[in-house]
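Q: structure for the following, please:
(2 chains, ligands or ions: 2)
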Amino acid sequence: MNRPMIEIRGLRKSFGTHEVLRNINFTVDPSGVVALIGPSGSGKSTLLRCINLLVRPDDGAIRVGDAQFTFDHAARPPKARALAAFRARTGMVFQNFNLFGHMSVLENVMEAPIQVRKLPKGAARDLAMTQLAKVGLADRADQMPQTLSGGQKQRVAIARALAMEPEVMLFDEATSALDPELVGEVLATMRALAQAGMTMVIVTHEIAFAREVADRVVFMRDGVVVEDGPARQVIDNPTQEATRSFLSHFHASPA
Amino acid sequence: MYEWDFSVLWTYRWLFLDGIIMTVSLTVAVVLGGLAVGLITAMGMLSGSRILKAVALSFIELFRCTPILVQLIWCYYALPILTGIELSPIAASIIALSCYGGSFYSEIIRGGIVSIETGQREAGLALGMTPTLAMRRIVLPQALRRMVPALMNQSILQFKNTSLVSVLAVPDLVYQGQIAAHDSFRPLETYTAVAVAYLVILLPVTLFVRHRDARFGGAR
Ligand SMILES: Nc1ncnc2c1ncn2[C@@H]1O[C@H](COP(=O)(O)OP(=O)(O)OP(=O)(O)O)[C@@H](O)[C@H]1O
Ligand SMILES: [Mg+2]
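A: Numbers count the residues shown, from 1 in each chain, chains lettered A, B, ... in the order given. Ligands and ions are numbered 1, 2, ... in the order given. Alright, predicted model coming up:
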């Protein structure tokens, strides 16, 4: 069996007295696609943001590829450079796109390869154009983000993350801020990425998409993993009552 | 009825010119100095460290809540005694006005930075940028654009505040005006001319700011 690409052990996080993550353990195999589902406030975003250390865990160990960080209450916080190097290996896509407002589409995608990977401009431009072509937006390279539709913005955000050639991609409700008719184009981009072998963790409310694209589904509630198994099994035949009750809200929408 | 006679001022034209050059150079110095002080204290206010925050806040409030005239005099007479470093009137003026202006620039800069959504900063961090790089490449360029009108207004105040340095005998426009007034026995004409000189320098700047505000005001 392959060594997992992502490995999380004993992860805990509190905000003040509110314990948001309580002893989370899970792994993602190379090229695996895990969908993280659960009710609002269950800690999905916090868990995702712990994987690239945008949120600093209180306790536990996180490994992505060959890079590992261990946390406990006593440990000194990691250095900014070490954190940055770690984050450069994971791509993240946010609900609100978060494109850089003062840069064109192309500059958005070129920025990190130039500033972080120190690629020469020409190489960064070629790389950026390749990624934009992948998400179908090569012809928008010179537009400003404000002139794009929500779906286009999110595809640019995906291209921007891919330009760092990450080992892992994290998606936090990438389609939740989109008009319904624009959801499909973003899901199609994510599906293509999964088929190309990218290791992905996807927080989503699109249960049908999770069932189709993810090979595993993890159901969270109140900061704990309640159920973790093959996507179809968890969604079609959940073993836990909490999972069943959560999924019953979605049965109205056809799969 | 007073007989206005501006023709006598022609004799003092070089004096006025020297004064204008001094005033404008001082303005350039205290705008740049003030921006530097403002940027540093704003970073202190935004830093995670409580100590840095407290130092920056104390500094800002100290200079915001005391009169600039008192600061000028204090910097010239008291600061050298505390530090043991002799200060020329010009150096003391630049220090006082930079710190005073900086305490106001600081709030403008801090406000501009927090107005840029944290999401863009996080996106930068997620791409592997250090917090410093994300600040420099993502947040500051956008914050600066938003800050320009307020920074311009504060710089206009900096320009006018340089008129106080004459208390330390710095030969600025006001100080040269005082000399001309004493010498010519024509204070009314002299100070009118001084006022007009300030107006003529400043008017284009304020009109520019107003024009900019009108253009960008609605687009935010
Ligand atoms: N920075 C923070 N400071 C304080 N509390 C926070 C912070 N971030 C998250 N929380 C709290 O932690 C809990 C879990 O939040 P999280 O965003 O991880 O939930 P979620 O599962 O992603 O929910 P949603 O589906 O609404 O996005 C919530 O109660 C939230 O209020
Ligand atoms: Mg969330």
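Q: ok, the residue in the stretch 51-200 of chain A positioned nearest to ligand 1 - contacts?
A: As assessed by CB to the nearest ligand atom, ligand 1 sits closest to residue A:173 within the stretch 51-200 of chain A, at 6.4 Å. Glycine gets a C-beta too; all of them are placed from N, C-alpha and C. Contact analysis of residue A:173 by CB atoms under 8 Å, 6 or more residues apart in numbering or on different chains lists A:45, A:95, A:203, A:204, A:205.
Q: check contacts around the closest residue to chain B within chain A.
A: The nearest approach of chain A to chain B comes at residue A:88, 2.7 Å away (CB to the nearest CB). Shown in contact with residue A:88 (CB under 8 Å, 6+ apart): A:112, A:116, A:117, A:164, A:166, B:127, B:128.
Q: of these - the most surrounded one?
A: Within these, most neighbours by other CB atoms under 10 Å in any protein chain shown means residue B:127, with 29 neighbours.
Q: hmm, residue A:114 and it touching each other?
A: No. The criterion here is CB atoms under 8 Å, and residue B:127 misses it with residue A:114 at 11.0 Å.
Q: would you map the strands across the stretch 51-200 of chain A?
A: Listed in chain order, the strands of the stretch 51-200 of chain A (DSSP state E, counting those that start in this stretch) span A:59-64, A:67-71, A:90-93, A:168-172, A:199-203.
Q: highest average neighbour count across the ones you listed?
A: Highest mean neighbour count among the strands of the stretch 51-200 of chain A (mean count of other CB atoms under 10 Å in any protein chain shown): strand A:90-93, with a mean of 27.
Q: output the strands of the stretch 51-200 of chain A as a markdown table; include the columns distance to residue A:125 and mean pLDDT.
A: Below are those laid out as a markdown table (distance: least, CB to CB, whole Å; pLDDT from 0 to 100):
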| stretch | distance to residue A:125 | mean pLDDT |
| --- | --- | --- |
| strand A:59-64 | 28 | 95 |
| strand A:67-71 | 28 | 91 |
| strand A:90-93 | 19 | 96 |
| strand A:168-172 | 22 | 97 |
| strand A:199-203 | 27 | 97 |
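Q: buried residues in the longest helix anywhere in chain B?
A: The residue-count maximum for a helix in chain B (DSSP state H) belongs to helix B:13-46. The neighbour-count check on helix B:13-46 (16 or more other CB atoms under 10 Å in any protein chain shown) flags B:15-16, B:18-20, B:22-23, B:26-27, B:29-31, B:33-35, B:37-39, B:41-46 as buried.
Q: and stretch A:237-255, by the same measure?
A: In terms of neighbour count (16+ other CB under 10 Å), stretch A:237-255 has its buried residues at A:238, A:242, A:243, A:246, A:247.
Q: coming back round to it: redo the strands of the stretch 51-200 of chain A as CSV? Include distance to chain B.
A: Formatted as CSV, the strands of the stretch 51-200 of chain A follow (distance: least, CB to the nearest CB, whole Å):
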stretch, distance to chain B
strand A:59-64, 12
strand A:67-71, 12
strand A:90-93, 4
strand A:168-172, 8
strand A:199-203, 13
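Q: tell me which of these lies nearest to residue A:224.
A: With CB to CB, the closest approach to residue A:224 among the strands of the stretch 51-200 of chain A belongs to strand A:59-64: 13.4 Å.
Q: still on that earlier bit, distance to ligand 1 for the contacts of residue A:173 - can I get that in a markdown table?
A: A markdown table is the format used below for the contacts of residue A:173 (distance: CB to the nearest ligand atom, whole Å):
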| residue | distance to ligand 1 |
| --- | --- |
| A:45 | 3 |
| A:95 | 8 |
| A:203 | 6 |
| A:204 | 10 |
| A:205 | 8 |
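Q: mind listing what the nearest residue to residue B:64 once chain neighbours are set aside touches?
A: Nearest-residue entry for residue B:64: residue B:103, 4.5 Å, with adjacent residues in sequence omitted and distances by CB to CB, 6 or more residues apart in numbering or on different chains. Applying CB under 8 Å, 6+ apart, we find residue B:103 in contact with B:37, B:38, B:41, B:59, B:60, B:61, B:62, B:63, B:64.
Q: any buried residues in the helix or strand harbouring residue B:103, and which?
A: Using DSSP states H and E, the element containing residue B:103 is helix B:89-115. Residues of helix B:89-115 classed as buried by neighbour count (16+ other CB under 10 Å): B:89-110, B:112-113.
Q: for chain B, give me the ranges with low pLDDT.
A: By pLDDT under 70, the low-scoring segments of chain B are B:215-220.
Q: ok and the residue in it nearest ligand 1?
A: Residue nearest to ligand 1 within chain B: residue B:118 (10.3 Å; CB to the nearest ligand atom).
Q: residue numbers of chain B in contact with chain A?
A: B:117, B:119-120, B:122-133, B:137-138, B:141-142, B:145 (CB under 8 Å from any CB of the partner chain).
Q: which of those residues are buried?
A: Neighbour counting with 16+ other CB under 10 Å marks B:120, B:122-131, B:133, B:137-138, B:142 as buried within these.
Q: nearest the geometric middle of chain B, what residue?
A: residue B:158 (3.1 Å; CA atoms, centre = their mean).
Q: great, nothing more from me.
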